[in-house]
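*Asks:* next come a sequence and a model predicted from it.
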Amino acid sequence: MFGNPILKSPKNFLLYLLFCGGLAVLYLNLIIFDSKLDSTAAFIDVLAFNLLLTGIGLNYWFAAKYLSIENTQIHKIIFSHLLGGVFVTLFWLIIGYFISFSLVNDQSSYSTFFFTTLKLRVIIGLLHYFLLTAFYYIVIYYSGFQEKLVKETELKNLVTEAELRSLKFQINPHFIFNALNSMSALTEIDPKRAKQMIIKLADFLRYTLANNDRQKNSLSEELKNIKLYLDIEKIRFEDKFEFVEEIDEACKNAEIPSMILQPLFENAIKHAVYETLDKVIIKLACKPIEGFLKISLSNNFEGESHKKGAGVGLRNIRERLALIYHQDNLLEVKKENGTFTVNIFIPIDNK
């Protein structure tokens, strides 16, 4: 009946019947037991008045729903329900009286009994109205509170997703601009290599677009994309760098945030390969350690390389890890003995 919580489930309806049963027991104690009414008339009276009360109570839902506490002034709510309680009680008494009066044999005695117990009947009618209306208000408040919590959670998820998307979109243009600049230079120096680079870039972008909506990806899938990127840079730098993997078997199918490694390789190329005369070894290692996957990317460097440190790429990684895993200590940067290392810690149990 238009969202009435009592009718929403058999369990709620059973609880309502128990409540009405309790009220019927009160009715029997206050009105019937000490009376001199014959058993048939007493049975008719109890049945008529309590069945009526049970049916009428289901309609109190409308009063509580349309006189909401949030949108109606409190004095209007109190006045409306006082008036409603009196009106409903009168309606219940009048209808109940005429039904019972028409069914009993000794109508004169019943009429005397009814008006003698009228005061108690009014109290029961008002008690039923206000208790049940208060129950409906509690249900409405609780439902609204739960709905508000769900909406707040959904809003937080949308904000987090928007922030993550924004961070991802900051990464892709950074690489694309670098690649386009490289291709632009190669078109005049070596058109054949420029063509190879364009084909590799197309493969890289196709892969990136296909996985763009995925928040996480397996490490092995991410490595496929990284290798496409390195193929592009190989055309540009040839043997100036070498890529080495040390990936533990347990890491290969583990999920990590998609595109999370891309900025690390960009930094290695930009700050080490580009600025170092010797051959650079770019090493990617991964192993489980104390509840985390430790992913390390290291490279050797010379002189003032990596002087500027983190930059946009590493800041993006730190922010994405914090948003996804709710920890702000999952990225570690080390620069010692001519080796620049970035460690990423992925919680193993986080889904």
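*Replies:* Arrived safely, thanks for sending.
*Asks:* every contact and neighbour count from this point should use C-alpha atoms.
*Replies:* Will do.
*Asks:* so what's the residue count around the nearest residue to residue 226 once chain neighbours are set aside?
*Replies:* Among residues not flanking residue 226 along the chain, residue 262 sits closest, at 6.6 Å (C-alpha to C-alpha, 6 or more residues apart in numbering). Number of residues near residue 262 (other C-alpha atoms under 10 Å) recorded here: 19.
*Asks:* and the pLDDT at residue 262?
*Replies:* Predicted confidence (pLDDT) for residue 262: 82.
*Asks:* my read is that it contacts residue 228, right?
*Replies:* No. Applying C-alpha atoms under 8 Å as the test, residue 262 and residue 228 come out as separate, 10.8 Å apart.
*Asks:* and for residue 10, the neighbour number?
*Replies:* Each residue near residue 10 was counted by other C-alpha under 10 Å, and the total is 10.
*Asks:* phi first, then psi, for it.
*Replies:* phi -60, psi -30 (degrees, to the nearest 10).
*Asks:* what does residue 259 give?
*Replies:* phi 60, psi 20.
*Asks:* what sits against the closest residue to it other than its chain neighbours?
*Replies:* Of all residues not flanking residue 259 in the chain, residue 222 sits nearest, at 7.0 Å (C-alpha to C-alpha, 6+ apart). By C-alpha atoms under 8 Å, 6 or more residues apart in numbering, residue 222 lies in contact with 258, 259, 261.
*Asks:* tell me the secondary structure for residue 222?
*Replies:* Assigned state for residue 222: helix (three-state reduction, DSSP: H, G, I helix; E, B strand; the rest coil).
*Asks:* swap in residue 253?
*Replies:* Applying three-state DSSP: residue 253 is coil.
*Asks:* show the end-to-end separation of stretch 204-220, please.
*Replies:* 15 Å (C-alpha to C-alpha, to the nearest Å).
*Asks:* chain center to it, what's the gap?
*Replies:* Computed by C-alpha atoms, centre = their mean, to the nearest Å, the chain-centroid distance of stretch 204-220 equals 24 Å.
*Asks:* can you check stretch 332-341 too?
*Replies:* With C-alpha atoms, centre = their mean as the basis, stretch 332-341 stands 39 Å off its chain's centre.
*Asks:* same question, stretch 140-156
*Replies:* 10 Å.
*Asks:* since we're on residue 7, how many residues are nearby?
*Replies:* 15.
*Asks:* what bits of the stretch 251-351 of the chain have low per-residue confidence?
*Replies:* By pLDDT under 70, the low-scoring segments of the stretch 251-351 of the chain are 303-311, 350-351.
*Asks:* quick one, helices of it?
*Replies:* Along the stretch 251-351 of the chain, the stretches classed as helices by DSSP state H, counting those that start in this stretch are 262-268, 311-325.
*Asks:* which among those helices is found nearest to residue 91?
*Replies:* The closest of the helices of the stretch 251-351 of the chain to residue 91 is helix 311-325. By C-alpha to C-alpha, the value is 60.1 Å.
*Asks:* pull out the buried residues from that closest one.
*Replies:* Buried residues in helix 311-325, defined by neighbour count with 16 or more other C-alpha atoms under 10 Å: 313, 314, 316, 317, 318, 319, 320, 321, 324.
*Asks:* and for stretch 67-78?
*Replies:* By neighbour count on 16+ other C-alpha under 10 Å, the buried set for stretch 67-78 is 67, 77.
*Asks:* kindly check the end-to-end length of it for me.
*Replies:* For stretch 67-78, the end-to-end distance is 10 Å (C-alpha to C-alpha).
*Asks:* what mean pLDDT does it get?
*Replies:* The pLDDT scores in stretch 67-78 average 82.
*Asks:* the helix or strand where residue 62 lies - contacts with which helices or strands?
*Replies:* Secondary structure from DSSP states H and E places residue 62 in helix 60-66. Counting contacts by 3 or more C-alpha pairs under 8 Å, 6 or more residues apart in numbering; DSSP states H and E, helix 60-66 packs against helix 118-189.
*Asks:* what angle sits between the helix it packs on and helix 311-325?
*Replies:* Note on geometry: by axes from the mean of the first three to the mean of the last three C-alpha atoms, to 10 degrees, helix 118-189 and helix 311-325 are set 150 degrees apart in direction.
*Asks:* how about the helix or strand sitting right after helix 118-189 along the chain: buried residues?
*Replies:* The C-terminal neighbour of helix 118-189 among helices and strands, as given by DSSP H and E, is helix 191-210. Under the neighbour-count criterion of 16+ other C-alpha under 10 Å, helix 191-210 has 193, 194, 197, 200, 201, 204, 205, 207, 208 buried.
*Asks:* isn't residue 46 up against residue 29?
*Replies:* No. With contact defined as C-alpha under 8 Å, residue 46 does not reach residue 29; the gap is 11.1 Å.
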